[in-house]
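>>> here are the coordinates; sequence isn't available:
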């Protein structure tokens, strides 16, 4: 076992991609990559270059500026700009745009392997930004990334759509202008949606801002949420609407700042399922007085800054916010001992632009 480990480490290499490099395109590097390799892609546009990544433990990153993968009518396996089949992949500093396929699920990234980290990336004008399949052993982390506009316009494609995986973490991101789909959709067993800006702005037409269709143990903390006047659905956060199929049915919606601008049927959170644990606490919400539809408890919302409460802890997970989102794609740590106010602490953020 030890000799196999050192063999893999010895074989790992850095592959350089660019017009003057050994590999001219990312797809050429994908064909030549081995487990553990790092692929560094020089800044520039790689139009119509699509790839299937099959090796495990790859780090794929853009260097020295913006790397733009413009689909230009192409797709890998009629699925995505990149189909990632390997396990434990990290993708950084890449822009994915313009993927459209016959079944209307053309993604920037189609994740088929186990384990994915995406940082400092952008997904725009695809039918899905990231589309991740089911894998009960998979954890996905997405941070400091922008999604929008994405979606075919059929309500079945979204800025980001995560299948039945073990854990999904989405933090310090900006998701906006989903084309009738959702800004964030996840079927993961655990969901951690922290310190993001999730906004239709003034002309977006998303359905839900956050859709957790099978429930799960889910934490929505410290986000700036804006449901625009043209939103297709009056509900901002939907929980277990397609059946409470996850093992744990717990939803904690804490210290978010919410601007609800849809005039008809506005509701912040709608929960379904057989007696889930739902807590909606310390949120600053404008545009609706309907905090929670369905089972659960909503406390200390729509109040003054002076009346904040100790939101406490659930098992090993703290419900106390430790960051504020700072637009665009940034975060500010809360000072130790800082008094907890209602909402996301978003005085540095303008919600509608």
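Nice, I can see it. These numbers were taken from a predicted model, which means no experiment stands behind them.
>>> please enumerate the helices of the chain.
2-11, 26-32 (DSSP state H).
>>> would you single out the least confident of those?
Per-segment confidence across the helices of the chain bottoms out at helix 2-11, which has a mean of 51 in mean pLDDT.
>>> and the closest residue to residue 296 other than its chain neighbours, what does it touch?
Spatially, and ignoring its direct neighbours in sequence, residue 296 is nearest to residue 278 (2.6 Å; Cβ to Cβ, 6 or more residues apart in numbering). To be clear about C-beta, it is placed using only N, CA and C from the backbone, and glycine gets the same treatment. Under the criterion of Cβ atoms under 8 Å, 6 or more residues apart in numbering, the neighbours of residue 278 are 239, 250, 251, 253, 269, 271, 292, 294, 295, 296, 297.
>>> redo that, cut-off 7 Å
Residue 278 is in contact with 251, 271, 292, 295, 296, 297, counting by Cβ atoms under 7 Å, 6 or more residues apart in numbering.
>>> let me know the pLDDT of it.
According to the per-residue confidence, residue 278 scores 97 in pLDDT.
>>> give me the beta-bridge partners of it?
With beta bridges defined as DSSP bridges, residue 278 has these partners: residue 251.
>>> how much space is there between it and residue 272?
Here the criterion is Cβ to Cβ, to the nearest Å. By it, residue 278 lies 10 Å from residue 272.
>>> over to residue 87?
Residue 87 is 34 Å from residue 272, where distance means Cβ to Cβ.
>>> repeat that for residue 296.
Per Cβ to Cβ, residue 296 is found 11 Å from residue 272.
>>> again, but for residue 233
Computed with Cβ to Cβ, the distance linking residue 233 and residue 272 is 14 Å.
>>> got a pLDDT number for the nearest residue to residue 224 once chain neighbours are set aside?
Leaving aside its sequence neighbours, residue 224 sits nearest to residue 197 (Cβ to Cβ, 6+ apart; 4.7 Å). Each residue has a pLDDT score; the one for residue 197 is 98.
>>> what do you get for residue 260?
You'll see residue 260 listed with a pLDDT of 89.
>>> can you pull up the bridge partners for it?
In this structure, residue 260 bridges to residue 227 when assessed by DSSP bridges.
>>> who touches it in this structure?
For residue 260, the contacting residues are 227, 236, 266, 268, 285, 286, 287, 288, taking Cβ under 7 Å, 6+ apart as the criterion.
>>> looking at the chain, which strand is longest?
Secondary structure of the chain per DSSP state E: the longest strand is strand 59-70.
>>> tell me the buried residues in it?
Buried residues in strand 59-70, defined by neighbour count with 16 or more other Cβ atoms under 10 Å: 59, 60, 61, 62, 67, 68, 69, 70.
>>> again, but for stretch 282-291
By neighbour count, and taking 16+ other Cβ under 10 Å as the criterion, the buried residues in stretch 282-291 are 282, 283, 284, 285, 287, 288, 290, 291.
>>> residue 30: which of these is nearest?
Using Cβ to Cβ, residue 283 is the member of the buried residues of stretch 282-291 that sits closest to residue 30, with 43.6 Å.
>>> report pLDDT for that closest one.
Looking at residue 283, its pLDDT reads 94.
>>> swap in residue 334?
We have a pLDDT of 89 for residue 334.
>>> mind listing what it touches?
With Cβ under 7 Å, 6+ apart as the criterion, the residues that contact residue 334 are 321, 322, 323, 324.
>>> tally of neighbours for the third one?
Residues near residue 323, counting by other Cβ atoms under 10 Å, number 18.
>>> hang on, residue 293 packs against residue 266?
No. In this structure residue 293 lies outside contact range of residue 266 using Cβ atoms under 7 Å: 10.6 Å.
>>> can you list contacts of the longest strand of the chain?
The contact list for strand 59-70, computed with Cβ under 7 Å, 6+ apart, reads 38-47, 49, 81, 89-98.
>>> give me the buried subset of the residues you listed.
Burial of the contacts of strand 59-70 was assessed by neighbour count (16+ other Cβ under 10 Å); the buried members are 38-42, 46, 49, 81, 89-98.
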